[in-house]
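Asker: A predicted structure for the sequence below; I have some questions about it.
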Amino acid sequence: MLRTAARQLAASGRRSGAAVSGDARAIGISQAQGIGQRGFLDAIGKTPLIRLNKLSEETGCNVLGKAEFQNPGGSVKDRAALFVVEDAEQKGLLKPGGTVVEGTAGNTGIGLAHVCRAKGYRLVIYMPDTQSQGKIDLLRLLGAEVYPVPAVPLTDPQNYNHQAQRHAARLDNAVWTNQFDNTANARAHFETTGPEIWHQTAGTVDAFTCATGTGGSLAGTTRFLKEASQGRVKAYLADPPGSVLHSYIQSGGKLAERAGGSITEGIGQGRVTDNLAPEIELLDGSVHISDEKTIAMVYRCLDEEGLYLGASSCLNVVAAKEVAEMLGPGNTVVTLLCDGAYRYADRLFSRRWLEEKKLFGAVPEHLRRYIVLP
Ligand SMILES: Cc1ncc(COP(=O)(O)O)c(C=O)c1O
């Protein structure tokens, strides 16, 4: 059936003399979203910008979320993964048959695993042994060699990041991609995420906000939007509990000791990374978002917008709402929807887990029907 329909579409295009791009427009697919020659790699980025209608109504603003969960590896980190690998290739550090090594328990590892398969590299991942078996299994089934090592602080030479660095140094034709301090990560967002947001809003974006793990997405996107708008677009860091960056910005540059923690994954930072450092001065401010607000937004996004999002995305949405309220009606505020809830469902929608984290009460009463797991 489908094949017949596709043939008919192609035939009607030939009969009418329409160019292929004309057919593509007729079914709403731009050439930018068409078939790239680089396979998986061409499917990274160019994600939709979704209007969050309820929050837009509430604030009188356009609150927009960039659907990074639609990247082929499932998260915003696909962009950084591609750029750090291609940076190593361009610098001659990685040649065909080489090995990529990274210290990560999360989305960067998944993004790297996809990119390495697509490019034919081996991938070695070091991670703290406190991580779930599910994460280890996923990376292994994506072809990575995984080393869970004791969870010790960054100051300890046995920390997983240092072990990753040493592993790469022991091999020929291998690179430690070093996502935190390798600025090819922020460049991914300067060259792709920022320009996409600028074009998708036709230059009408007024503010951008998101949380930071490595800081790559906030720094690169901010720099592009500031440059494109000649400084008009405002940028705000969104910070979870347990991160030091909000107090760093509010205090005008004092780095406090890390204290407390958050249920969010992939975000929160104890230092200013090399990715964030050049751009931190460009920020117009920061917002601190509690886990209670983040959890409530997980359920609101699901119920009101039909969006099944992970906690870091929902923290970003709360931040976008607060920035919109701060700037007032008529503004266009953009944030990132970093990944979906799939990997976190057994926690975010479990009554036991919510009670354990003292977050059950944060779920609005009328939305508790979504707590479907015991
Ligand atoms: C789910 C999720 N959200 C947000 C981030 C933060 O992105 P960045 O490292 O660009 O600061 C990460 C990073 O790993 C992530 O995994």
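Answerer: On my side now, so go ahead.

Asker: Quickly note the distance from the closest residue to residue 153 other than its chain neighbours to the ligand.
Answerer: Spatial nearest neighbour of residue 153, chain neighbours left out: residue 159 (6.4 Å); criterion: CB to CB, 6 or more residues apart in numbering. No exception for glycine: its C-beta is placed from N, CA and C like everyone else's. Between residue 159 and the ligand the distance is 17 Å, computed by CB to the nearest ligand atom, to the nearest Å.

Asker: tell me the domain ranges of the chain?
Answerer: Structural domains of the chain, as assigned by the TED database, span the residue ranges 47-73+185-368, 96-172.

Asker: what's the offset of the shortest one from the middle of its chain?
Answerer: Meaning domain 96-172. The chain centroid and the centroid of domain 96-172 are separated by 18 Å, computed with CA atoms, centre = their mean, to the nearest Å.

Asker: And the residue nearest to residue 153, its phi and psi?
Answerer: Per-residue torsions, residue 159: phi -60, psi 150 (degrees, to the nearest 10).

Asker: check contacts around the residue lying closest to residue 79 once chain neighbours are set aside.
Answerer: Residue nearest to residue 79 in three dimensions, not counting chain neighbours: residue 188, with 4.2 Å by CB to CB, 6+ apart. The contact partners of residue 188, taken as CB atoms under 8 Å, 6 or more residues apart in numbering, are 79-80, 82-84, 216, 220.

Asker: For the residue in the chain that the ligand sits nearest to, grab the count of nearby residues.
Answerer: In the chain, the residue that lies nearest the ligand is residue 266 (2.5 Å; CB to the nearest ligand atom). Residues contacting residue 266 under the criterion other CB atoms under 10 Å number 22.

Asker: Check the gap between it and residue 313 for me.
Answerer: For residue 266, the distance to residue 313 (CB to CB, to the nearest Å) stands at 10 Å.

Asker: any bit of stretch 71-86 sitting next to the ligand?
Answerer: Yes: interface with the ligand: stretch 71-86 contributes 75-77 (CB under 6 Å from any ligand atom).

Asker: Model confidence score at the residue nearest to residue 79, please.
Answerer: Turning to residue 188, the model gives it a pLDDT of 98.

Asker: and it, how far is that from residue 223?
Answerer: As defined by CB to CB, residue 188 lies at a distance of 12 Å from residue 223.

Asker: residues touching residue 337, list them.
Answerer: Shown in contact with residue 337 (CB under 8 Å, 6+ apart): 50, 65-69, 307, 309, 313, 316-317.

Asker: I'd like these laid out as a markdown table, including secondary structure, neighbour count and pLDDT.
Answerer: Written out in a markdown table, the entries for the contacts of residue 337 read as follows (DSSP: H, G, I helix; E, B strand; the rest coil; neighbours: other CB atoms under 10 Å; pLDDT from 0 to 100):
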| residue | secondary structure | neighbour count | pLDDT |
| --- | --- | --- | --- |
| 50 | strand | 16 | 98 |
| 65 | strand | 28 | 98 |
| 66 | strand | 26 | 98 |
| 67 | coil | 19 | 98 |
| 68 | helix | 26 | 98 |
| 69 | helix | 22 | 98 |
| 307 | coil | 21 | 98 |
| 309 | strand | 25 | 98 |
| 313 | helix | 32 | 98 |
| 316 | helix | 30 | 98 |
| 317 | helix | 28 | 99 |
